[in-house]
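Peer 1: below is the structure, and that's it, no one-letter string:
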């Protein structure tokens, strides 16, 4: 069998994987704080022979698109949008402080256990650890990320400051299957210059129209690869028939 059919098969497989990635981006076009996944195609030479006659297309991870999403005003005290490329720290396992991950979604709440958490129930991490919320009349998050409450009877009590970190490069981070962002190496120290805007949420940075066009282009490339495989198979069958007739 001509090795070109394997190249076409590999390309078709890559197109399917890329379509799944873009489809996931589109599915999260309305998810607060969602950052689109990127991908790239690179050429991978096939070893063997006296010269480089063939190369495979290989799907390579392109990292996370940290472009800011649109700001949406909610007026809710525990909705906060973060500035720049900074990230909020959360704890994926409430019982394990070593399960720290990061997100741009600042849609927080107070859990029945009295902790500041995400809507999914993951504790939000402050600079001192998870943030317990005592009985209060009101709660607020300041521009610097400080979490404060007004206890019964009045006064203002500062509890902690949200832990916010800023990756130095986009290549330093990756996104897990749970949609949360993690660091490939050491987690940076808290960014003391990071700020938030209370009463706002950041929307997804996925452009639905652009993603749809990209998905259509990938679908066409997949069809081209499948058609090429069929033609190569037909050509091989014709060659075999010609050899057999002789």
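Peer 2: Arrived safely, thanks for sending. Note that this is a predicted model, so its numbers are computed, not measured. Numbering: from 1, shown residues only.
Peer 1: how is this structure carved up into domains?
Peer 2: Dividing the chain into domains by automatic domain parsing, as the record does, gives the ranges 4-66+206-245, 71-202.
Peer 1: would you reformat those as TSV and include mean pLDDT?
Peer 2: Below are these laid out as TSV (pLDDT from 0 to 100):
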stretch	mean pLDDT
domain 4-66+206-245	76
domain 71-202	94
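Peer 1: can you list those in CSV and add mean neighbour count?
Peer 2: From N, CA and C alone the C-beta is placed, and that goes for glycine too. Conversion of these to CSV gives the following (neighbours: other CB atoms under 10 Å):
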stretch, mean neighbour count
domain 4-66+206-245, 15
domain 71-202, 16
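Peer 1: residue boundaries of the helices in the chain?
Peer 2: Listed from the start of the chain, the chain has helices (DSSP state H) covering 4-27, 208-245.
Peer 1: turn those into a markdown table, including distance to residue 139.
Peer 2: Formatted as a markdown table, the entries for the helices of the chain read as follows, by distance: least, CB to CB, whole Å:
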| stretch | distance to residue 139 |
| --- | --- |
| helix 4-27 | 32 |
| helix 208-245 | 34 |
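Peer 1: closest to residue 171 out of those helices?
Peer 2: Counting by CB to CB, residue 171 lies closest to helix 4-27 out of the helices of the chain; the figure is 17.4 Å.
Peer 1: show me what the closest one packs onto, helices and strands only.
Peer 2: The contact analysis (3 or more CB pairs under 8 Å, 6 or more residues apart in numbering; DSSP states H and E) places helix 4-27 against strand 37-45, strand 55-64, helix 208-245.
Peer 1: indicate which one of the helices of the chain is closest to residue 148.
Peer 2: Counting by CB to CB, and looking across all of those, nearest comes helix 4-27 at 36.5 Å.
Peer 1: that older thread, quick check: which of the helices of the chain is nearest to residue 137?
Peer 2: helix 4-27 (39.8 Å).
Peer 1: thought residue 229 was touching residue 7?
Peer 2: No - taking contacts as CB atoms under 8 Å, residue 229 lies outside contact range of residue 7: 9.4 Å.
Peer 1: how long is stretch 188-203 end to end?
Peer 2: Stretch 188-203 stretches 25 Å from its first residue to its last (CA to CA, to the nearest Å).
Peer 1: er, stretch 180-189 actually
Peer 2: In stretch 180-189, first residue to last residue: 18 Å (CA to CA).
Peer 1: who touches that stretch?
Peer 2: Stretch 180-189 is contacted from outside by 35, 64, 87, 90, 92, 100-104, 165-168, 171-176, using CB atoms under 8 Å, 6 or more residues apart in numbering.
Peer 1: so which of the residues you listed are in strands?
Peer 2: Using DSSP state E, the members of the contacts of stretch 180-189 that fall in strands are 64, 87, 90, 100-103, 165, 173-175.
Peer 1: export those to a markdown table and tack on distance to residue 23?
Peer 2: A markdown table is the format used below for those (distance: CB to CB, whole Å):
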| residue | distance to residue 23 |
| --- | --- |
| 64 | 17 |
| 87 | 25 |
| 90 | 26 |
| 100 | 29 |
| 101 | 23 |
| 102 | 24 |
| 103 | 21 |
| 165 | 30 |
| 173 | 22 |
| 174 | 19 |
| 175 | 15 |
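Peer 1: tell me the one among those residues nearest to residue 134.
Peer 2: Of all the ones in strands among the contacts of stretch 180-189, the one with the least separation from residue 134 (CB to CB) is residue 90, at 20.7 Å.
Peer 1: ok, now how distant is that closest one from residue 182?
Peer 2: Distance of residue 90 to residue 182, given as CB to CB, to the nearest Å: 11 Å.
Peer 1: what of residue 102?
Peer 2: In this structure, residue 102 lies at 7 Å from residue 182, with CB to CB as the measure.
Peer 1: now do the shared contacts for these two.
Peer 2: Each of residue 173 lies in contact with both residue 102 and residue 182 under the rule CB under 8 Å, 6+ apart.
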